[in-house]
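1. How does the following fold in three dimensions:
(one chain, ligands or ions: 1)
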Amino acid sequence: MAATLRHVIIGAGTAALAAVEAIRVGRPADPITLLSAEPEAPYSPTVLPHLLAGRIDESRIALRPAAFFGTRGCRLLAGTPAVALCADRRVLRLAGGGELEFDRLLVASGSEPIVPALDNPDAVPVHTFTRLADLRVLRAALGGTSRVAVLGAGLIGMELAEAIVHRWPGARITVVEQERQVLPRAFCREDARAVEDLFESQGVGFRLGCRAVALGRRDGAALLTLSDGGCVEADLVVACVGVKPRLGFLAGAGLAVRRGIVVDRRMATSAAGIHAAGDVAEGPGADGTIGCHAVLPTAAGQGRVAGANMAGRAVEHEGWLPANVFSFFGRLLVSAGATEAVGRQTRLGQASGAGRGRLVLDGDRLVGASFAGMPADPGALCWLIRERVPVRAQAELLLSRPLEAARWLCARAQRGTA
Ligand SMILES: Cc1cc2nc3c(=O)[nH]c(=O)nc-3n(C[C@H](O)[C@H](O)[C@H](O)COP(=O)(O)OP(=O)(O)OC[C@H]3O[C@@H](n4cnc5c(N)ncnc54)[C@H](O)[C@@H]3O)c2cc1C
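-> Numbering: from 1, shown residues only. Just a heads-up that it's a prediction; the model follows:
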């Protein structure tokens, strides 16, 4: 085996831990040091809505058992953020003044919330909801709050609204969204409308097609002015308008950065020996599109690939593919790939009982599928899309029984009988 390599990983989330496991496959003795900006044991932000709703408690959210770091022979420096990188000297500077030398570095620092540009931004506090520290602030504030304004109806905003309804049923929630529908990148207009109806039946109000443009204060509460001239009063304002890669500490490091850290299919950055994975990385999608794809399965997959390459194995990521699974008030929503047909693609739809399915086809190949109110397997759907499996002849079956049909089509294609 080649000489020992010192691995340093910035971050201790999903991408980071997947990388540790991949490094250990080939290099059992290399020293690995992980840095986390937070004092807590590593967790995934995906648990935050469930914690806020009170469905789970903090004792159950660790991403790995406490013994993980000992048995893997690696060191976790929790509450120790990296503050600067000198890529040429292969040295990382830490908060508090310490330095770490490395032979292989992985940047897996995740994302940070986008703060919307509002006039008079300091009139009232605008909260965010991406880390445990945010959750604790919100939980304390929500106890004595009746009106909540949520800015943004994407994944995080909708999960936040549902969690508040669940835990504080008396709260009056208004969700403000600049697009004309909720979950704009995950579902088509019709499916989104059904989700809006569901939330409205639980007392949640929507202001769609307009943005919050200014903050003010009236009688001790927040007064949000909207782009359509309307306004919303609230005791608590939470901005969920998206996330961006967390890479401020890399200023001047010389890595190629667009929106995120530019990586190739091996998760290699522009600097030798330095990889990036997860929300912070900007890499290829399954269809060749380049972008950041801030979801858990992509972080896990990219982390595994980064770790394998840090350990010297040449492995390529298959490219991210949009896939979403939501359960709002018990109604399941699943989507994979494209939500709308473009160019010569066609869209097929079918409703059965309370469920509705849609397929987007390019010729006889599946490029997208979404299902509302019926069980579906996003993994199997993604596989059919990636592998360009012809499905048109089975479209009706796929629409009426998506769970079984997608798995059966995968199995049939693997046997070579598609
Ligand atoms: C509320 C919420 C709900 C979500 N729900 C879903 C969902 O249902 N499904 C889904 O697929 N995705 C969901 N996501 C997205 C998903 O959580 C992320 O895509 C995924 O966690 C990214 O993993 P990561 O390893 O890149 O970053 P993270 O898991 O966020 O880890 C980042 C790590 O970097 C550390 N760090 C940051 N800066 C520094 C620094 N300077 N120095 C050292 N360490 C640093 C942090 O402390 C942390 O340990 C959700 C996100 C949020 C916020």
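2. center of the chain - which residue?
-> Val295 (2.9 Å; Cα atoms, centre = their mean).
3. hang on, that one packs against Ser335?
-> No - contact criterion Cβ atoms under 8 Å: Val295 and Ser335 do not qualify, at 11.8 Å. Every residue, glycine included, has its C-beta placed from N, CA and C.
4. shared neighbours of these two, which are they?
-> Common contacts of Val295 and Ser335 (Cβ atoms under 8 Å, 6 or more residues apart in numbering): Ala323, Asn324.
5. so what's the backbone phi/psi at the residue in the stretch 101-250 of the chain that the ligand sits nearest to?
-> Residue nearest to the ligand within the stretch 101-250 of the chain: Gly110 (2.8 Å; Cβ to the nearest ligand atom). For Gly110, the backbone dihedrals (degrees, to the nearest 10) come out as phi 70, psi -150.
6. Is any residue of the one helix or strand Lys244 maps to near the ligand?
-> Using DSSP states H and E, Lys244 falls within strand 243-245. No - shown here: strand 243-245 not in contact with the ligand (Cβ under 6 Å from any ligand atom), separated by at least 6.8 Å.
7. hmm, who's touching that strand?
-> By Cβ under 8 Å, 6+ apart, strand 243-245 touches 109, 111-114, 130, 156, 259-261, 279-282, 292, 294.
8. Can you pick out the most distant pair from those?
-> Ile156 and Ile261 (22.0 Å; Cβ to Cβ).
9. of these two, who's got more company?
-> Shown here are Ile156 and Ile261; by other Cβ atoms under 10 Å, Ile261 has more neighbours (27 against 24).
10. Go ahead and confirm that one touches Phe249.
-> No - counting by Cβ under 8 Å, Ile261 does not reach Phe249; the two are 11.7 Å apart.
11. Which stretches in the stretch 301-418 of the chain count as strands?
-> 323-328, 331-337, 346-352, 355-362, 365-372 (DSSP state E, counting those that start in this stretch).
12. tell me which residues of the shortest one are tucked away?
-> If I follow you right, that is strand 323-328. Ala323, Asn324, Phe326, Phe328 (16 or more other Cβ atoms under 10 Å).
13. Around the ligand, which positions in this structure sit nearby?
-> 10-16, 35-38, 42, 44-46, 48-49, 81-82, 108-110, 129-130, 155-156, 159, 246, 249, 278-279, 294-297, 299.
14. so Gly110 makes contact with Gly11?
-> Yes - with contact defined as Cβ under 8 Å, Gly110 counts as touching Gly11 (6.1 Å).
15. what about the two, which has more around it?
-> More crowded of Gly110 and Gly11, by other Cβ under 10 Å: Gly11, with 29 against 26.
16. what residues are up against the residue lying closest to the more buried one once chain neighbours are set aside?
-> Spatial nearest neighbour of Gly11, excluding adjacent residues (Cβ to Cβ, 6 or more residues apart in numbering): Ala108 at 3.6 Å. Neighbour list for Ala108: 9-11, 13, 15-16, 19, 276-278, 280, 299, 303, 306 [criterion: Cβ under 8 Å, 6+ apart].
17. Could you dump the residues you listed into TSV with distance to Arg207 added?
-> Formatted as TSV, the contacts of Ala108 follow (distance: Cβ to Cβ, whole Å):
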residue	distance to Arg207
Ile9	42
Ile10	39
Gly11	36
Gly13	33
Ala15	35
Ala16	38
Ala19	42
Ala276	37
Ala277	37
Gly278	33
Val280	32
Ala299	32
Gly303	38
Ala306	41
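18. and of those, the nearest to Arg75?
-> Ile9 (10.3 Å).
19. burial measure for that closest one, as a count.
-> 33.
20. pLDDT of the biggest helix by length in the chain, averaged?
-> If you go by DSSP state H, the chain has its longest helix at helix 296-310. Averaging pLDDT along helix 296-310 gives 97.
21. Who are the packing partners of the worst-scoring helix or strand of the chain on mean pLDDT?
-> Every helix and strand in the chain was compared by mean pLDDT, DSSP states H and E; the lowest is strand 346-352, with a mean of 89. Judged by 3 or more Cβ pairs under 8 Å, 6 or more residues apart in numbering; DSSP states H and E, strand 346-352 is in contact with strand 355-362, helix 395-400.
22. buried sites along the last one?
-> Right, the one you point to is helix 395-400. Under 16+ other Cβ under 10 Å, the buried positions of helix 395-400 are Ala395, Leu398, Leu399.
23. Of those residues, which is the nearest to the ligand?
-> So of the buried residues of helix 395-400, ranked by how close each gets to the ligand (Cβ to the nearest ligand atom), first place is Leu398, at 23.2 Å.
24. Name the nearest residue to the closest one, sequence neighbours excluded.
-> Nearest one to Leu398, counting by Cβ to Cβ, 6+ apart, is Ala405 at 4.5 Å.
25. Check the gap between that neighbour and Leu397 for me.
-> Using Cβ to Cβ, to the nearest Å, Ala405 is found at 4 Å from Leu397.
26. Which residue is it, in the stretch 201-350 of the chain, that comes closest to the ligand?
-> Gly278 (2.2 Å).
27. which one is that residue nearest to, not counting chain neighbours?
-> Ala15 (3.1 Å).
28. Next secondary structure element downstream of the helix or strand containing the one you found?
-> For Ala15, the element it lies in under DSSP H and E is helix 14-26. The helix or strand immediately downstream of helix 14-26 is strand 32-35, counting by DSSP H and E.
29. Mind listing residues that contact the very next helix or strand once past that next one?
-> Per DSSP H and E, the first helix or strand lying C-terminal to strand 32-35 is helix 48-53. Residues outside helix 48-53 that contact it (Cβ under 8 Å, 6+ apart): 56-58, 61, 129-132, 134-135, 138-139, 142, 159-160, 162-164, 166-167.
30. now swap in stretch 282-292 and tell me
-> Against stretch 282-292 from outside (Cβ under 8 Å, 6+ apart): 111, 244-245, 257-265, 267, 279-281, 293, 302, 317-321, 385-386.
31. hang on, the earlier thing: give the contact list for the residue of the stretch 101-250 of the chain closest to the ligand.
-> By Cβ under 8 Å, 6+ apart, Gly110 lies in contact with Gly11, Gly13, Ala15, Pro45, Arg246, Gly278, Asp279, Val280, Ala299.
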